[in-house]
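Engineer: Compute the structure for the input listed below.
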Amino acid sequence: MEPVDAVKEAGRARFRAIILTTITTSVGLYPLILENSFQAQFLIPMAVALAYGVFIGTLFILTFFPVLILVLNDLRRFVKSVWEGREVSAREVEPKVKESKVSLD
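Structural biologist: Below is the predicted model:
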């Protein structure tokens, strides 16, 4: 599988689980954030930080990391093509493809 296709498929496969985790955590913290009692006033900043952290983490997992994987693949392709003096495919520089010792043709 080409790296771009693998990243798209991984995003599709994990999207629902990531979104459901984010929603359930946020909804679970919502009553604590809205609580007005004196005891809860000490926990509200922690709950808000946790809710925002989960939200920002979700954005990173769904957008930043797939892009980072593809950028690192392009960087490995560039370094290997300069080193070997030939055009290198995207699959050729992926660690799992190199480990499998399977013909790329």
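Engineer: Ramachandran angles for Arg86?
Structural biologist: Dihedral angles of Arg86 (phi, psi; degrees, to the nearest 10) stand at phi -140, psi 160.
Engineer: what about it, how many neighbours?
Structural biologist: As a burial measure, Arg86 scores 8 neighbours (other CB atoms under 10 Å). For the C-beta atoms, the positions are set from N, CA and C on the backbone; glycine is no exception.
Engineer: Repeat that for Ile23.
Structural biologist: The local packing of Ile23 (other CB under 10 Å) involves 12 other residues.
Engineer: Quickly note the distance from it to Phe64.
Structural biologist: Here Ile23 is placed at a distance of 20 Å from Phe64 (CB to CB, to the nearest Å).
Engineer: Likewise for Glu35?
Structural biologist: Taking CB to CB, one finds Glu35 at 33 Å from Phe64.
Engineer: And Pro66, which helix or strand is it part of?
Structural biologist: Per DSSP states H and E: Pro66 is located in helix 65-84.
Engineer: For that helix, which residues meet the burial criterion?
Structural biologist: Using 16 or more other CB atoms under 10 Å as the test for burial, helix 65-84 gives 66, 69, 73, 76-77.
Engineer: Many thanks, have a good one.
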